[in-house]
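A.B. asks: Take this sequence and fold it.
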Amino acid sequence: MEFTASLDSSAKVTTTFVCVLFLGIAIWNVRSMMRAKGDSWNTIIRVFIFAVLILSVVVSYRYGTTGYETKGKTLVIKKHNGPLTLNYLQISDVRKVGAAEMTDISRTFGVGGLFGYSGRYHNTTIGDMTFYATQQQNWVLLHTDKNEAIILTPDNPDKFVIEIKSIITPNN
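C.D. replies: Down below sits the predicted model:
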């Protein structure tokens, strides 16, 4: 069963703003290189800036989540850089998470809105978490057999939780 994961308006605004900003900076860099008329240091600096901008967008895009799917006894987290598959033995618990539990989140290493929310996050209620999220609502918390906390954000979290519980229930 497939579960959609739509970007929230905050992620859409962030993605649009960053892409337009980076495009503007790229155009400015090209114009500056043309005005420099062969100044090699200027060109090197401008090319480096452009490379950093492109790398930032490409990495953020590749780690962005596109949806979730259950196939047999597995959960597939769809991402642009390839799926992450968890079998039912790796998932020890699944539940919806309310807004009260998701307060005071801090990003420790990840992307915070550019093509979604991915990477490592932390808060005092849940602790360390790995996000494969597209929005700042509809949170579903998975615990793995290695005691990892994973946050997913399907568009229909109730149906998603029921489906995952049916997969991880013994004798199913």
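A.B. asks: show me where pLDDT drops low in the chain?
C.D. replies: Low-confidence regions of the chain, defined by pLDDT under 70, span residues 170-172.
A.B. asks: one more time with 80
C.D. replies: 33-34, 36-39, 169-172 (pLDDT under 80).
A.B. asks: And what about the residue minimising distance to the centre of it, helix, strand or coil?
C.D. replies: Closest residue to the average C-alpha location of the chain: Ser118 at 2.8 Å, with C-alpha atoms, centre = their mean. Judged by DSSP: H, G, I helix; E, B strand; the rest coil, the three-state class of Ser118 is strand.
A.B. asks: check contacts around it.
C.D. replies: Applying C-beta atoms under 8 Å, 6 or more residues apart in numbering, we find Ser118 in contact with Tyr63, Gly64, Thr65, Lys79, Gly110, Val111, Phe131, Tyr132, Ala133. The C-beta positions use only the backbone N, C-alpha and C, and glycine is treated the same way.
A.B. asks: most remote residue from this protein's center?
C.D. replies: Of all residues in the chain (C-alpha atoms, centre = their mean), Lys37 lies farthest out, 41.1 Å.
A.B. asks: Distance-wise, check that residue relative to Tyr63.
C.D. replies: Counting by C-beta to C-beta, to the nearest Å, the gap from Lys37 to Tyr63 is 39 Å.
A.B. asks: quick check, distance from stretch 150-159 to the centre of its chain.
C.D. replies: Using C-alpha atoms, centre = their mean, to the nearest Å, the distance from the centre of stretch 150-159 to the centre of the chain it belongs to is 13 Å.
A.B. asks: What ranges does the chain have for its strands?
C.D. replies: Secondary structure of the chain, counting by DSSP state E: strands at 2-4, 65-71, 74-79, 84-87, 91-96, 106-113, 116-123, 127-133, 140-144, 149-152.
A.B. asks: Now compare the contacts of Ser118 and name the two farthest from each other.
C.D. replies: In the contacts of Ser118, the most distant members under the criterion C-beta to C-beta are Lys79 and Gly110, with 13.0 Å between them.
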